[in-house]
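Participant: how does the following fold in three dimensions:
(chains A, B, C and D)
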There are 4 protein chains.
Amino acid sequence: MREVWSAPVRFAECDQGGVVFNGHYLTWAHEAVEAWWTALGLPFAHTGLDQRIKAATLEWRSSARWGDTVTVDAELDRMGSSSFTVALTVRVGERVCCVVRTTYVAVADGLPIPWPEHVRALLQG
Amino acid sequence: MREVWSAPVRFAECDQGGVVFNGHYLTWAHEAVEAWWTALGLPFAHTGLDQRIKAATLEWRSSARWGDTVTVDAELDRMGSSSFTVALTVRVGERVCCVVRTTYVAVADGLPIPWPEHVRALLQG
Amino acid sequence: MREVWSAPVRFAECDQGGVVFNGHYLTWAHEAVEAWWTALGLPFAHTGLDQRIKAATLEWRSSARWGDTVTVDAELDRMGSSSFTVALTVRVGERVCCVVRTTYVAVADGLPIPWPEHVRALLQG
Amino acid sequence: MREVWSAPVRFAECDQGGVVFNGHYLTWAHEAVEAWWTALGLPFAHTGLDQRIKAATLEWRSSARWGDTVTVDAELDRMGSSSFTVALTVRVGERVCCVVRTTYVAVADGLPIPWPEHVRALLQG
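Facilitator: Residues are numbered from 1 along each chain as shown, chains lettered A, B, ... in the order given. Next comes the predicted model:
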């Protein structure tokens, strides 16, 4: 597990319940996955592939609030032949707020293709 | 399955890939769940309970784009004792873009409590 | 002044003060300006020009809240040679929440150009 | 002029034209104004006053894009008796993207009141 991204919670991200609205966790997840790819040595934007998010799951354990700084740890959760899943732990200090898992497929000419070997090797560290 | 919510895709919801950014599906899901409760006769804001989203899953099948109008159908997916899950189908016409499932718990004094019988009965239609 | 756009306030648009966060008025303004162009007979996306927002002003008079439906009226505020300004009144029923003015320029090859005569004629109604 | 806030542009902030959607500048402006108050020694949330945004103006000079890091400089633009205006320069390196001016009033019991002397003194540096 590798710390890949961090940011103070923004006022506009908090809803009238005083906590971060759930959809913003996917905004953070996107930034964290980009940073994870870059940390692995393969900037997301430069793979030469058309990557698409296929699925996401989010499980909340506690709330993030204005004034908190959120940090995201990333690790490979599952490597399949045509898709892989990243597990992202969003936390405030040691307190976990949400575990987000995002699954990506590679697409060429509109059809899913297997992830190339060099990408698979790199993601598996 | 009941049609509960619909809206034109907004320009600001589309990313530089020309499709709706994934996090906005949770914004739509929130509106759709509210509308579903209201359609069932129990406005979400008036249950007298502290409801919290506990988990969400999203599975994309196609993209929504600027110019599209998205429609959301809702139905109860699973009724547990302390949580329930709503399945929300986001579609453009008959074409399904994403199936979102959101799970809610009821909380009192910071602890999860069982959903009251009248709420369970109502959600189960 | 012409009514061009309307939508219920979304939960995710309200901040922890219980009112719509100010930035979302520009999201609504974009939708309203698009609708205004379409109502005038010239869909924004089909002018064959590269339009860019150059400036915006917002003056709030009251708040919009969750449960409100906002409506936007549009009219040409000022027609210059290379820019024009639209005045957008965002209201809940008859109560005005905000007057937004957005100014657009036409750009070709990276440089501002005069708005073509047929666009000027059309905008001036 | 004081540098008060900075952040990498987020993917979800960029629209299908490949540039940051205009409304997000107000999200950044809010964070920058908070940081400016804190830098002046008076956290925004702890003034004991009900502050409200009354007006905003934005003038764009260039675009911010994904991959850019935006920085915001703040300074007092105008101090009135019942309102003050902050000028916020949003830039990428030395290149200015947008000048945002936000005007705030203090409210008590629903009516505007003069800003207290100690707040005026502090804002005027």
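
Participant: in the longest strand anywhere in chain A, which residues are buried?
Facilitator: If you go by DSSP state E, chain A has its longest strand at strand A:95-108. Within strand A:95-108, the residues scored as buried using 16 or more other CB atoms under 10 Å in any protein chain shown are A:97, A:98, A:99, A:100, A:101, A:102, A:103, A:104, A:105, A:106. Where C-beta positions appear, they are placed from N, C-alpha and C, glycine not excepted.

Participant: cool, and stretch A:105-123?
Facilitator: A:105, A:106, A:115, A:119, A:123.

Participant: returning to that earlier point: which of the buried residues of strand A:95-108 lies closest to residue B:38?
Facilitator: The shortest approach to residue B:38 among these belongs to residue A:98, at 27.2 Å (CB to CB).

Participant: next, the contact list for the closest one, please.
Facilitator: Applying CB atoms under 8 Å, 6 or more residues apart in numbering or on different chains to residue A:98 gives the contacts A:25, A:58, A:59, A:60, A:61, A:64, A:89, A:90.

Participant: quick one: distance of the helix or strand where the last one lies to the chain centre.
Facilitator: In this structure, residue A:90 sits in strand A:83-92 according to DSSP states H and E. Centroid separation for strand A:83-92 versus its chain: 5 Å, with CA atoms, centre = their mean, to the nearest Å.

Participant: strand A:95-108 and that strand, what's the angle between them?
Facilitator: Put simply, strand A:83-92 runs at 160 degrees to strand A:95-108, going by axes from the mean of the first three to the mean of the last three CA atoms, to 10 degrees.

Participant: run me through the strand neighbours of strand A:83-92, direction for each.
Facilitator: strand A:69-79 (antiparallel), strand A:95-108 (antiparallel) (DSSP bridges).

Participant: report the mean per-residue pLDDT for the shortest one.
Facilitator: Right, strand A:69-79. Strand A:69-79 shows a mean pLDDT of 97.

Participant: repeat for stretch A:111-125
Facilitator: Taken as a whole, stretch A:111-125 has a mean pLDDT of 86.

Participant: if we can go back for a sec, including distance to residue B:72, could the strands paired with strand A:83-92 go into TSV?
Facilitator: Below are those laid out as TSV (distance: least, CB to CB, whole Å):
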stretch	distance to residue B:72
strand A:69-79	28
strand A:95-108	22
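
Participant: for the spatially closest residue to residue A:123 that is not a sequence neighbour, give me its contacts.
Facilitator: For residue A:123, ignoring the flanking residues on the chain, the nearest one in space by CB to CB, 6 or more residues apart in numbering or on different chains is residue A:76 at 5.4 Å. By CB under 8 Å, 6+ apart, the contact set of residue A:76 is A:84, A:85, A:86, A:87, A:123, A:124, A:125.

Participant: ok, what's across the strand from the fourth one?
Facilitator: Judged by DSSP bridges, the bridge partners of residue A:87 are residue A:75, residue A:101.

Participant: how much space is there between it and residue A:35?
Facilitator: 14 Å (CB to CB, to the nearest Å).

Participant: which strand or helix spans the residue nearest the centre of chain A?
Facilitator: Closest to where the C-alpha atoms of chain A average out (CA atoms, centre = their mean) is residue A:29, at 3.5 Å. For residue A:29, the host element (DSSP H and E) is helix A:24-40.

Participant: hey, which helix or strand in chain A has the poorest pLDDT?
Facilitator: The weakest-scoring helix or strand in chain A, judged by mean pLDDT, DSSP states H and E, is strand A:111-113 (a mean of 84).

Participant: any idea which helix or strand comes after that strand?
Facilitator: With DSSP H and E, the next secondary element past strand A:111-113 is helix A:117-123.

Participant: show me what that next one is packed up against.
Facilitator: Packing partners of helix A:117-123 (3 or more CB pairs under 8 Å, 6 or more residues apart in numbering or on different chains; DSSP states H and E): strand A:69-79.

Participant: of the contacts of residue A:98, which pair is most distant in space?
Facilitator: A:59 and A:64 (14.1 Å).

Participant: these two: which is more packed in?
Facilitator: The neighbour count for residue A:59 versus residue A:64, taken as other CB atoms under 10 Å in any protein chain shown, is higher for residue A:64 (23 against 14).
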